[in-house]
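> Turn this into a structure:
(2 chains)
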Amino acid sequence: MKHTIGVIALALVALCASATAQTASNNDFWVGIWHADAFGMPTGTMTLAADTGTLGGTLVLDIIQDKDGGPHVVEQEAHVLVHPQVDGRRLSFDVRMQKRDGSVKVASFVVQLNSDGKASLHCANCGSDAPVVDMARDPDSAR
Amino acid sequence: MKLGDRCLALSALALIACAGAPVKLQAQATPGSAAINARWVGVWEGRTIDLPGLTLTLGDDTGDVTGTIVDNVMRDGVIVGHMAHVLLHPRVDGNTFSFQVKNDRNPAELLDMSLDLTGGSTALLHCPKCGATPFSMAMEKTP
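This is a model prediction of the structure:
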């Protein structure tokens, strides 16, 4: 009986260790600094980390103005990722947006990992014409 | 996307996010806290020898100020890597925003850090135990 309990306990420990390792491994694909570009211009930066064991981070949206003969980032909107969830090669999260009229809307984003260091970002509740934006992870930021 | 001379062009990400449908979040900022948080929300950069040393990105999408910090690893005056961390135990107390960051060299240790406002878009970042001597860095909020 003691032997059986010991085996079950060992199996549970192994299962827990496996689950933890799996989470760490999944997060490794994501942790780092991701730059979004569209039409040759910077459009945002996503910073992801997993200090608590689960993925979290920020998203900065660049606001671009054409001046002095070319586009320039004139403002940055910083957001914390709300309810980030990793499901295999898919990361989803919400961002709380304050519009110019003061009203608040929440955009639900999905990031699909295409290959190591490459991904595409899409807003899932922004309408059928919402663009898909390419993202690339800064190779110097990967763990 | 073609930029007009007088047109303020939001980034593709901001545009698609602005069209998002409202979704209720668990925590909602009150008008008072939103005004207080606005002093902190944004991208803060600290520079060493005219090179970016630290980037602190703060948002309040959950109702509380939190975010990420990126430590630029430098060698011989050149940035050779970036370490991204989620802020742990963030807290606003008057003109001070304090938080903890996991130590890269010893993940079991949490480093106490604080950001003291010195102006509308300037602050001083303190980390008493980041090195052999207490560390401070002037920070500036990007436009």
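
> buried stuff in stretch A:59-77?
A:59-66, A:71, A:73, A:75-77 (16 or more other C-beta atoms under 10 Å in any protein chain shown). All C-beta atoms are positioned from the backbone trio N, CA, C, and that covers glycine.

> Touching, A:Ala124 and A:Val111? I think so.
No - under the criterion of C-beta atoms under 8 Å, A:Ala124 lies out of contact with A:Val111, with a separation of 10.6 Å.

> Tell me the residues that contact both of the two, please.
A:Ser92 (C-beta atoms under 8 Å, 6 or more residues apart in numbering or on different chains).

> Could you list which of the buried residues of stretch A:59-77 also contact chain B?
The subset of these within reach of chain B, by C-beta under 8 Å from any C-beta of the partner chain, is A:59-66, A:71, A:75-77.

> As JSON lines, these with distance to B:His85 would be great.
Converted to JSON lines, these look like this (distance: C-beta to C-beta, whole Å):
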{"residue": "A:Leu59", "distance to B:His85": "16"}
{"residue": "A:Val60", "distance to B:His85": "16"}
{"residue": "A:Leu61", "distance to B:His85": "21"}
{"residue": "A:Asp62", "distance to B:His85": "22"}
{"residue": "A:Ile63", "distance to B:His85": "26"}
{"residue": "A:Ile64", "distance to B:His85": "28"}
{"residue": "A:Gln65", "distance to B:His85": "31"}
{"residue": "A:Asp66", "distance to B:His85": "35"}
{"residue": "A:Pro71", "distance to B:His85": "31"}
{"residue": "A:Glu75", "distance to B:His85": "25"}
{"residue": "A:Gln76", "distance to B:His85": "20"}
{"residue": "A:Glu77", "distance to B:His85": "21"}
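
> Just these: which are in helices?
In this view, those have no member that belongs to helices under DSSP state H.

> Can you say which two of those residues are spatially most distant?
Between any two of those, the greatest separation by C-beta to C-beta is 23.5 Å, found for A:Leu59 and A:Asp66.

> Check residue 38 and give its pLDDT.
By default, I'm working from chain A. If you check A:Ala38, the pLDDT there is 79.

> looking at chain B here, not the other one
90.

> What distance do you get for it to chain A?
B:Ala38 sits 10 Å away from chain A, going by C-beta to the nearest C-beta, to the nearest Å.

> residue contacts, that residue?
For B:Ala38, no residue meets the contact criterion (C-beta under 8 Å, 6+ apart).

> just checking, B:Asp71 touches B:Leu54?
Yes - between B:Asp71 and B:Leu54 there is a contact at 5.9 Å, judged by C-beta under 8 Å.

> who has more neighbours, A:Ala124 and A:Val111?
A direct count of neighbours by other C-beta atoms under 10 Å in any protein chain shown for A:Ala124 and A:Val111 places A:Val111 higher, at 24 against 13.

> Find the helix or strand that that one is a member of.
Using DSSP states H and E, A:Val111 falls within strand A:104-115.

> A:Asn26 too?
Short version, using DSSP H and E: A:Asn26 is in helix A:2-28.

> That helix - what's its average pLDDT?
For helix A:2-28, mean pLDDT is 54.

> for chain A, what helix or strand is lowest in average pLDDT?
Counting by mean pLDDT, DSSP states H and E, chain A has its least confident helix or strand at helix A:2-28, which shows a mean of 54.

> do chain B as well
The least trusted helix or strand in chain B, going by mean pLDDT, DSSP H and E, turns out to be strand B:8-10, with a mean of 35.

> And stretch A:117-137, how far out from the chain middle?
11 Å (C-alpha atoms, centre = their mean, to the nearest Å).

> Same question for stretch A:41-49.
When distances are taken as C-alpha atoms, centre = their mean, stretch A:41-49 is centred 9 Å away from the chain's centroid.
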